[in-house]
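Engineer: The following block contains a protein sequence and its predicted model.
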Amino acid sequence: MLIVEDDDRIRLSLQLALEDEGYQVRSVPSAEQGLQRQQDQPSDTVLVDLMLPGMDGFDCIRGLRRLGDAAIVVVSAREDTHDIVAALEAGADDYLVKPVQVKELSARLRALRRRSHPSGAALTVQTFGSLEIRQDAGEVRVSGEPVALTRTEFRLLCALADQAGRVLSRSQLLEQVWNYDYGDERLVDVHMGRLRRKIEVDPAAPVHLLTIRGLGYKMA
Amino acid sequence: MRLGLRARAGVVFAAGALVVSASLATATYELTRQSLLAERERTATRAAYFDAAVVRQGLATDTADIVDVLRTLDTGQGRRPLIFKNDRWFARTADTGITAAVPRSLRTVVARGLPGVQRVRLNGTPTLVVGVPLRGTSADYFELTTQTELERTLRQLGLTLAVVAIATTVAGAALGVWASRRIMRPIVSIADTARTIAAGDLTRRLDPDRDPDLAPLTASFNEMVDELAGRIDRDRRFAADVSHELRSPLQTLTAASAVLANRRDQFDVRSAAATDLVVAEVDRFNTLVTDLLALARGDRPVDLQPLEVSPLVRAACHVNQVGPDRVHVDGALIWPLDARRFEQVLSNLLENAQRHGGGATAVTCGVVDESLRLVVDDSGPGVPVEERGMIFDRFGRGRRASARGGGSAHDGTGLGLALVAQHVADHGGSVAVLDAPGGGARFVVTLPRSTP
């Protein structure tokens, strides 16, 4: 795992605490070094602070997203809605506000690192119009063209596809995809927006990922 | 009730218009009447003198019949001649019965040899009586001239003037209302702007070029808003800085104390005890700072979304180890709520029950009287009546809680219920503490259906 955090004390304490939790941790004090390190030795999980010297956390997240589908978790002192939404829009999988309890952080990371789907899934293709999902292969095609989804987006899509036609509430999705008992429902909304932009022909008028006002989302 | 500015201006303008138009009308009426009356009187007098001269000639002969003489007069409709001779009245047959209309005072004056004029009413008709002594005869001549036409003219005039006066008054009132509305218009727009600003749009300002007369007001209003916006901005930045400056070291402490806690068993007794203290206090400090920052953020508007209440309540109860058998919530219930604030209300009430009441014994949520009602019961000692208002204050812990506190690891921050009260108030609702049926405390949160 990689920690991108400019505060030396936070960086060191998080590294110590997460190593105690059994992670192999490397840490860097800037976004530039973080991207460099991720390119040289990719980690499957990256913790990113938003306020960084030079390149900021949002650009760092976008850069990391381009490098691969590592799970990106923001750990920031900023708690404004627009920061949270911007970070998730940039490609972060989860957002936690400092101070974060190490046990909770660890639980979040475990949820994100979990393989995309239980390995017992049958080798089937789920088809919704021009949308094809091959869960075992981790593959999604729209009109035959493969679409690149992050792991979280893929898990969200699978959670909805497995119960197609049923309405899943935001809290159910938080639990199934992020393993939250309860948490920030903006996570679901922002990821749903990103997912729509990738698989819907017209993201403003979705045909597969439907919002059911007051209840949640439904796959059709 | 006080009248509004517009109504008052209307009344004042109307009263002014009434005074002016009424005095003008009265003056006009009086002048016209005087001049008409004088003119009629002159005419009547002249005619009477002429007739009197004719009568005198007619009476010059001793044999003359008085009534015949009267009959020779060409008096037309309006004039009626009378002769008073030797205490007897003489009149044309058509004019009998009108002699009583001649006042005694006039008769006395004429009897003394002086002519006179007097106004009387004859059968309700204004009438001019002219008396002329007939020199050389022992008779007095009187002529009654009815003035029906004059009366009608004056009535017409009076009516016209009254109508004009009333119309002027109404026009005055309308002018007053219109003028005050014109004057009020910029004030109304200032009020609108103030309301928009109060609703959170700090970029709104008044147009300074709109009215030169209002420039000082507009300028000071805009200055005030600039000042306020600046202050709010500074406060916000300060709060953000404080938030960052508090959260960063807390993150280090939290992570470092977790590392210490992991190694507690390897420490000697004294170090282990110290570690326990550090870990517990860091934990409490964490909650305290988070709660304080949440309270400081309370000025932000609520983000209401229609939400399923049941999963929220159940999840919060699950996290706070309240068994599902103690949770009673309508499964289909959807209510407009700010999810995060409602979750905090729930978890703070449940933590409070845990800390002071041995855990929640029942959590009930449903709609009562068009409002969402959340009830959390515990089996603790309850809250004494005199402390019920205080426990929702910041750091307003009840006496029992503070007495027991003394730094125990389970001591709260004193902010949990204050946050509950603030979040509930932000939803336009209320929170109260009562006695639970089985003893203990019952917290009742009532949230009206506010529109998102």
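Structural biologist: Nice, thanks for sending it over. Residues are numbered from 1 along each chain as shown, chains lettered A, B, ... in the order given.
Engineer: Please list the residues of chain A that sit near chain B.
Structural biologist: Contact residues (CB under 8 Å from any CB of the partner chain) of chain A with chain B: A:7, A:9-10, A:13-14, A:16-17, A:20, A:51, A:75, A:77-79, A:81, A:97-103, A:169, A:171-172, A:181-182, A:184-185, A:213-216. For every residue, glycine as well, the C-beta is placed using N, CA and C.
Engineer: Which among those residues count as buried?
Structural biologist: The neighbour-count test (16 or more other CB atoms under 10 Å in any protein chain shown) marks A:7, A:10, A:13-14, A:16-17, A:20, A:75, A:77-79, A:97-100, A:102, A:169, A:171-172, A:182, A:184-185, A:216 as buried among those.
Engineer: among the residues you listed, which are in helices?
Structural biologist: A:10, A:13, A:14, A:16, A:17, A:20, A:102, A:171, A:172 (DSSP state H).
Engineer: pretty sure the last one is in contact with residue A:217, am I right?
Structural biologist: No - here residue A:172 does not reach residue A:217: they are 9.4 Å apart, not a contact under CB atoms under 8 Å.
Engineer: re earlier: just flag the most distant two among the ones in helices among the buried ones among the residues of chain A next to chain B.
Structural biologist: By the measure CB to CB, A:16 and A:172 form the most distant pair in those, at 35.5 Å.
Engineer: which residue is nearest the centroid of chain A?
Structural biologist: By CA atoms, centre = their mean, the mean C-alpha position of chain A lies nearest to residue A:93, the distance being 2.0 Å.
Engineer: The chain - how does it break down into domains?
Structural biologist: In the absence of a named chain, this looks at chain A. According to automatic domain parsing, chain A comprises the domains A:2-113, A:125-219.
Engineer: actually it's chain B I care about, not the one you picked
Structural biologist: Per automatic domain parsing, the domain ranges recorded for chain B read B:5-155, B:213-293, B:302-448.
Engineer: Show the end-to-end separation of the shortest one, please.
Structural biologist: Okay, so that is domain B:213-293. 46 Å (CA to CA, to the nearest Å).
Engineer: One more: stretch A:133-151?
Structural biologist: Taking CA to CA, stretch A:133-151 runs 14 Å from one end to the other.
Engineer: Using JSON lines, lay out the domains of chain A together with mean pLDDT.
Structural biologist: Shown next, in JSON lines, are the domains of chain A (pLDDT from 0 to 100):
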{"stretch": "domain A:2-113", "mean pLDDT": "91"}
{"stretch": "domain A:125-219", "mean pLDDT": "84"}
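Engineer: what's the most buried one of those?
Structural biologist: The highest mean neighbour count among the domains of chain A, using mean count of other CB atoms under 10 Å in any protein chain shown, belongs to domain A:2-113: a mean of 19.
Engineer: Enumerate the helices of the chain by residue range, in sequence order.
Structural biologist: Just so you know, I chose chain A. Counting by DSSP H, the helices of chain A are A:8-20, A:31-40, A:57-67, A:81-90, A:102-113, A:151-162, A:170-173, A:186-199.
Engineer: ah, no, chain B please
Structural biologist: With DSSP H as the criterion, chain B has helices spanning B:5-59, B:66-72, B:104-111, B:148-198, B:215-262, B:269-296, B:309-319, B:339-357, B:399-405, B:416-426.
Engineer: Any residue of the fifth one touching chain A?
Structural biologist: It stands for helix B:215-262. Yes - using CB under 8 Å from any CB, helix B:215-262 reaches chain A at B:240, B:243-244, B:247-256, B:258-259, B:262.
Engineer: Neighbours of residue B:319, how many?
Structural biologist: 15 (other CB atoms under 10 Å in any protein chain shown).
Engineer: Pretty sure it sits against residue B:347.
Structural biologist: Yes - in this structure, residue B:319 is within contact of residue B:347 by CB under 8 Å, at 6.9 Å.
Engineer: any idea of the angle the longest strand anywhere in chain A forms with helix A:151-162?
Structural biologist: Counting residues, the longest strand in chain A under DSSP state E turns out to be strand A:71-76. Per axes from the mean of the first three to the mean of the last three CA atoms, to 10 degrees, the angle that strand A:71-76 makes with helix A:151-162 is 110 degrees.
Engineer: Hey, what's the angle from strand A:71-76 to helix A:8-20? Just curious.
Structural biologist: Going by the same axes, to 10 degrees, strand A:71-76 makes 140 degrees with helix A:8-20.
Engineer: Direction included, what does strand A:71-76 pair against?
Structural biologist: Strands that pair with strand A:71-76, judged by DSSP bridges, come out as strand A:45-48 (parallel), strand A:94-97 (parallel).
Engineer: Name the residues of stretch B:47-55 that are buried.
Structural biologist: By 16+ other CB under 10 Å, the buried positions in stretch B:47-55 come out as B:47, B:48, B:51, B:52, B:54, B:55.
Engineer: before we move on, what about stretch B:166-183?
Structural biologist: By neighbour count on 16+ other CB under 10 Å, the buried set for stretch B:166-183 is B:168, B:169, B:172, B:173, B:175, B:176, B:177, B:180.
Engineer: quick one: the fourth one from residue B:278, how far?
Structural biologist: Distance from residue B:173 to residue B:278, counting by CB to CB, to the nearest Å: 80 Å.
Engineer: Could you do residue A:18 as well?
Structural biologist: Applying CB to CB, one obtains 20 Å for the distance of residue A:18 from residue B:278.
Engineer: same question, residue B:336
Structural biologist: Taking CB to CB, one finds residue B:336 at 43 Å from residue B:278.
Engineer: cool, and residue B:182?
Structural biologist: In this view, residue B:182 and residue B:278 are 72 Å apart by CB to CB.
Engineer: and if you look at residue B:72?
Structural biologist: If you measure residue B:72 against residue B:278 using CB to CB, the figure is 142 Å.
Engineer: same check, this time on residue A:140
Structural biologist: Going from residue A:140 to residue B:278 by CB to CB gives 49 Å.
Engineer: May I have the phi/psi pair for the residue of the stretch 1-150 of chain B found nearest chain A?
Structural biologist: Nearest residue of the stretch 1-150 of chain B to chain A (CB to the nearest CB) works out as residue B:4 at 42.7 Å. Backbone torsions for residue B:4, taken as degrees, to the nearest 10, come to phi -70, psi 170.
Engineer: what's the burial count for it?
Structural biologist: Residue B:4: 11 neighbours (other CB under 10 Å).
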